[in-house]
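Undergrad: just coords:
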């Protein structure tokens, strides 16, 4: 039974009826947006799987994160010199933030924020569902590292893993008709 079917309202004569009308309107809008999201997610999954199916095989990487990382890498991922360059592009490269006798690092605040957000989401999925990541986190916590430091290291590790997958992708034909990397 649809949610909005129970919220039928007559004439707007009292606050209860007005509330029912407003709730019905919100329920209809919610249903329309849910339908639109499902259609767009299906399209994004299809497009991402067509361009980089190997990327979707990485644990914790969904179509939305893969799309953000593909956009960050650009049309020709082979132009990136190294995995460190890709990590810097994603804002996941370490920057020294030491003072006195304490040696520590923080993440670079530069880079593509969408790609950085995608790396963060991948790390969060791995922290919840990936047993090797859980074990690594538990070990690092016993060594005295903070959760923030562990997440920084994991983001760098995921950037390294994604870079390897991007570099191994075949350089097929570009949708515009020219090979990737060619300048028109």
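TA: The structure has been received and is ready for your questions. What you are looking at is a predicted structure, and each value in this text was computed from that prediction instead of being measured.
Undergrad: what residue is smack in the middle of the chain?
TA: residue 118 (2.5 Å; CA atoms, centre = their mean).
Undergrad: Which of the helices or strands spans that one?
TA: helix 113-129 (DSSP states H and E).
Undergrad: could you pull out the strands for this protein?
TA: 94-96, 105-107 (DSSP state E).
Undergrad: Most tightly packed of those?
TA: strand 105-107 (a mean of 17; mean count of other CB atoms under 10 Å). C-beta: built from backbone N, CA, C; applies to glycine.
Undergrad: Next one, pLDDT for residue 156 please.
TA: For residue 156, the pLDDT comes out at 92.
Undergrad: which residues does it contact?
TA: Contacts for residue 156 (CB atoms under 8 Å, 6 or more residues apart in numbering) come out as 87, 92, 93, 94.
Undergrad: Would you confirm that the residue nearest to the centre of the chain contacts residue 71?
TA: No - between residue 118 and residue 71 there is no contact under CB atoms under 8 Å: 9.4 Å.
Undergrad: so how far is residue 87 from residue 155?
TA: Distance, residue 155 to residue 87, by CB to CB, to the nearest Å: 8 Å.
Undergrad: and those two? which has more neighbours close in?
TA: Neighbour count, other CB atoms under 10 Å: between residue 155 and residue 87, residue 87 has more, with 27 against 23.
Undergrad: need the longest helix for this protein.
TA: In the chain, taking DSSP state H as the definition, the longest helix is helix 15-51.
Undergrad: Now do that helix, average pLDDT.
TA: 94.
Undergrad: So for it, what gets flagged as buried?
TA: Neighbour-count burial for helix 15-51 flags 20, 21, 24, 27, 45, 48, 51 (criterion: 16 or more other CB atoms under 10 Å).
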